[in-house]
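*Asks:* attaching a predicted model along with its sequence, questions to come.
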Amino acid sequence: MLEYRVEIALWAISGIIPFFMLNIWTNNNLNESINISDVMLSRYFLCAFFVRQFSVVWVVFSFEEDSLMGKVSPYLIQPLNPFFRYFAQHLAEQLTRFPFALIIAFFFFIFNPESIWIPNFGILLLSIVSTFLSFLIQFLIQSIVACLCFWTEKASSIERLLFIPTLFLSGLLAPVVSFPDYVKSWIYLTPFPYLIDFPANLLSGNEANISGGLSMQILWIFLLFPLFKKIWSEGTKKYTAMGS
Amino acid sequence: MVQNIIDVRNLSKSFNISSKEPGLKGTIKHFFRRQTKSLKIIKDISFEIKEGEIVGFLGANGAGKTTILKMLCGLIYPSSGSILVSGYLPFRRKENFLKNITLIMGQKQQLIWDLPPIESFYLNASIYDLDKFEAKKRIKKLSEMLEIDEELFIPVRKLSLGQRMKSELLAALIHEPNILFLDEPTLGLDINAQRNLRKFLQKYNKETNATICLTSHYMKDITSLCKRVICIQEGAISYDGNLDLLLKKLSPVKEILIVCRSEDDAIKLENSGFTVKNKIKNEITIKIENSSITSSLKTILNNFDIEDLFINEPPIDEIIGKVLIKKDYDI
């Protein structure tokens, strides 16, 4: 069991990119150009860390492996879409990570006591909803990519391509507000800023269009879900049950 | 009248297979100009299976047995033809159809590796809409039939192959399906575990009247479970019928080893018109057709001084092997 505990702890620690980015931003006084104080910026990156912890998705890798090894076959003849299994796995893992994320936050506040704040209950609740919606969007995007396994066998390569815009446009490396206006207007039409930037801004108390952001998240879910269903139904016709 | 539960008409399946030459040159060529060809794995087959029947699918590796099972349970799409299983088109995977069937593939597991099997059983029970009380009842019943107990609470990764296979069976049968598709269920099991599994399947079939479609390379699985076999050769059916009839057809003679009291008796027997395979001193082996075995033995016992005799059945593996290897074997 020790191995599993260490693995979960390491996984939680592996999501600390936002803290590196915070360091780069504050050391170079980059926040001055976008009118965000040091305190608000550090809260933003802490929230980005939390949102990332509870919205990270790896279904494409699990599905690809299971599909290539023939493990999907028994799931396919059960009266439950196999993606529900992966969905449940993700939720269970998020719960397991929660205490480790709290420990990291505790140490963050020890080194940055000025960043301590308590969000009001309403905002906290909306942030949790928004983080869950962000998880749903990412899960749907990756599930659609995962279904390409039925055609390409190496769908994870396509996911790696998608990781580039996710990294740059989601707000993980920099708040979207720091992008030039004409770029921002385009970014907000994509699902990426609603993955990290919007929920992190909401939770940290930075400026956020709450109704607009939540509506866009729901809109993306409504767009992606039928697409997933269609590609799933077409893909299963192509399934050859290799490896079994 | 027993109804057909599986009805297959003119079923075919083709796969696109790509081939690659070895080495760097082959890899580069493959990258830019991938060569694929369509292979017809199943060729226009038709058969029916009645409710409660246990049918063995026999064939060499790559003959198409597993592909047929995969199409019957709806895992893969047929290229042409029609399949009706329990009144459903399998590849549509309707909930009621899926609740009626199960597929067990030797060595492929659905149990959660790091958790005890009991966790997977309860998960499957929820998937099949069984309440906790019913699930508990079925787990108890099946674990008694399969003779597993403590193993239910040990992580799957710590179980032996036999224990794991039993647990796989329990997980696959918790919803009490009435059609079982078993692809090499005894693969890798020791002789005792194989025997127990066969006993269990016989019992399950008897108690629930479930239909069982089975593929296996172990002839003992086929002979002890199946009255009917379907032989597949290169994707086509070469025989569909009673197993005993097939064996009689393929092996119309029996070998009888006769130990005579003296060598003189053995010489007399050798010259009495029987087909002699070999003779060593007072022991002589003759071949007699199955149809005349009783009368021939009567003649021998009445006319010669016999000390002992042994009837040798030719090994079933050998007989079936002939069917599987020789493409144009006349059956």
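*Replies:* The structure has been received and is ready for your questions.

*Asks:* what's the neighbour count on the residue of the stretch 101-250 of chain B found nearest chain A?
*Replies:* Nearest residue of the stretch 101-250 of chain B to chain A: residue B:110, at 3.9 Å (C-beta to the nearest C-beta). For glycine as for every other residue, the C-beta is placed from the backbone atoms N, C-alpha and C. Residue B:110 has 20 neighbours, counted by other C-beta atoms under 10 Å in any protein chain shown.

*Asks:* what residues are up against the closest residue to it other than its chain neighbours?
*Replies:* Nearest residue to residue B:110 in three dimensions, chain neighbours excluded: residue A:74, at 3.9 Å (C-beta to C-beta, 6 or more residues apart in numbering or on different chains). By C-beta atoms under 8 Å, 6 or more residues apart in numbering or on different chains, the contact set of residue A:74 is B:103, B:105, B:108, B:109, B:110, B:172.

*Asks:* which members of those residues are positioned in helices?
*Replies:* Among the contacts of residue A:74, the residues falling in helices (DSSP state H) are residue B:172.

*Asks:* which one of the contacts of residue A:74 has the most neighbours?
*Replies:* residue B:103 (27 neighbours).

*Asks:* distance check, residue B:77 against residue B:92.
*Replies:* Plainly put, residue B:77 is 10 Å away from residue B:92 if you go by C-beta to C-beta, to the nearest Å.

*Asks:* now for the two: what residues contact both?
*Replies:* Overlap between the contact sets of residue B:77 and residue B:92, as judged by C-beta under 8 Å, 6+ apart, is nil.

*Asks:* name the element the residue in chain A that chain B sits nearest to belongs to?
*Replies:* Here the residue of chain A nearest chain B is residue A:74; by C-beta to the nearest C-beta that distance is 3.9 Å. Assigned by DSSP states H and E, residue A:74 belongs to helix A:72-76.

*Asks:* what does residue B:241 give?
*Replies:* Per DSSP H and E: strand B:236-242 holds residue B:241.

*Asks:* contact residues of the stretch 51-200 of chain B facing chain A?
*Replies:* Contact residues (C-beta under 8 Å from any C-beta of the partner chain) of the stretch 51-200 of chain B with chain A: B:70, B:73-77, B:91, B:93, B:95, B:98-99, B:101-103, B:105, B:108-110, B:114, B:124, B:127-128, B:172.

*Asks:* I'd like to know how far the nearest residue to residue B:268 once chain neighbours are set aside sits from residue B:276.
*Replies:* Among residues not flanking residue B:268 along the chain, residue B:304 sits closest, at 6.6 Å (C-beta to C-beta, 6+ apart). To residue B:276, residue B:304 is 13 Å away according to C-beta to C-beta.

*Asks:* and the residue of the stretch 101-250 of chain B closest to chain A, what does it touch?
*Replies:* Per C-beta under 8 Å, 6+ apart, neighbours of residue B:110: A:71, A:74, A:75, B:120, B:124, B:168, B:171, B:172.

*Asks:* same thing but at 10 Å, please
*Replies:* A:71, A:73-75, A:77-78, B:103-104, B:120, B:123-124, B:167-168, B:171-172 (C-beta atoms under 10 Å, 6 or more residues apart in numbering or on different chains).

*Asks:* tell me the spacing between it and residue A:82.
*Replies:* Residue B:110 sits at a distance of 11 Å from residue A:82 (criterion: C-beta to C-beta).

*Asks:* got it, and residue B:275?
*Replies:* In terms of C-beta to C-beta, residue B:275 sits 61 Å off from residue A:82.

*Asks:* ditto for residue B:185
*Replies:* 23 Å.

*Asks:* have a look at these two and say which one is more surrounded.
*Replies:* Remark: of residue B:185 and residue A:82, residue B:185 carries more neighbours, 27 against 21, as counted by other C-beta under 10 Å.

*Asks:* from memory that one sits against residue B:56, does it?
*Replies:* No - taking contacts as C-beta atoms under 10 Å, residue B:185 lies outside contact range of residue B:56: 11.6 Å.

*Asks:* and the strands in the stretch 1-150 of chain B?
*Replies:* B:4-19, B:35-50, B:54-59, B:80-85, B:101-105 (DSSP state E, counting those that start in this stretch).

*Asks:* typo on my end, it should be the stretch 151-300 of chain B
*Replies:* B:179-183, B:211-215, B:228-233, B:236-242, B:253-260, B:275-280, B:283-289.

*Asks:* between strand B:275-280 and the longest one, find me the angle.
*Replies:* Our comparison of strand B:253-260 with strand B:275-280, counting by axes from the mean of the first three to the mean of the last three C-alpha atoms, to 10 degrees, yields an angle of 40 degrees.

*Asks:* tell me which residues of strand B:253-260 are tucked away?
*Replies:* B:253, B:254, B:255, B:256, B:258, B:260 (16 or more other C-beta atoms under 10 Å in any protein chain shown).

*Asks:* helices or strands next to that strand in the packing?
*Replies:* helix B:263-270, strand B:275-280, strand B:283-289, helix B:293-303, strand B:306-312 (3 or more C-beta pairs under 10 Å, 6 or more residues apart in numbering or on different chains; DSSP states H and E).

*Asks:* returning to that earlier point: tell me the predicted confidence for the residue of the stretch 101-250 of chain B closest to chain A.
*Replies:* At residue B:110, the model reports a pLDDT of 83.

*Asks:* what does residue B:270 give?
*Replies:* Reported pLDDT for residue B:270: 83.

*Asks:* now do residue A:73
*Replies:* Looking at residue A:73, the pLDDT reads 88.

*Asks:* tell me the contacts of residue A:218?
*Replies:* A:133, A:136, A:137, A:194.

*Asks:* most neighbours among the residues you listed, which one?
*Replies:* Ranking the contacts of residue A:218 using other C-beta under 10 Å puts residue A:194 first, with 28 neighbours.

*Asks:* now that residue: closest residue in space that isn't a chain neighbour?
*Replies:* Setting aside the residues directly before and after it, residue A:194 is nearest to residue A:217 in space (C-beta to C-beta, 6+ apart), at 4.8 Å.

*Asks:* ramachandran angles for the one you found?
*Replies:* The phi/psi pair for residue A:217 (degrees, to the nearest 10) reads phi -60, psi -50.

*Asks:* near chain B, which residues of chain A are found?
*Replies:* Residues of chain A that fall close to chain B, judged by C-beta under 10 Å from any C-beta of the partner chain: A:1, A:4, A:69-81, A:84-85, A:88-89, A:233, A:236-244.

*Asks:* on that earlier part again, mean pLDDT for the strands of the stretch 151-300 of chain B - can I get that in CSV?
*Replies:* Formatted as CSV, those follow (pLDDT from 0 to 100):
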stretch, mean pLDDT
strand B:179-183, 93
strand B:211-215, 94
strand B:228-233, 91
strand B:236-242, 90
strand B:253-260, 85
strand B:275-280, 84
strand B:283-289, 86
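
*Asks:* can you pull the buried residues of stretch A:32-47?
*Replies:* A:36, A:38, A:40, A:41, A:42, A:43, A:44, A:45, A:46, A:47.

*Asks:* what mean pLDDT does that stretch get?
*Replies:* pLDDT averaged over stretch A:32-47 gives 83.

*Asks:* between residue B:77 and residue B:92, tell me which one has more neighbours.
*Replies:* Neighbours were counted for residue B:77 and for residue B:92 using other C-beta under 10 Å; residue B:77 has more, 15 against 9.

*Asks:* so where's the chain uncertain?
*Replies:* Went with chain A since none was named. Residue ranges of chain A with pLDDT under 70: A:1-14, A:31, A:242-244.

*Asks:* look at chain B instead
*Replies:* Ranges of chain B meeting pLDDT under 70: B:1, B:107-108, B:314, B:323-331.
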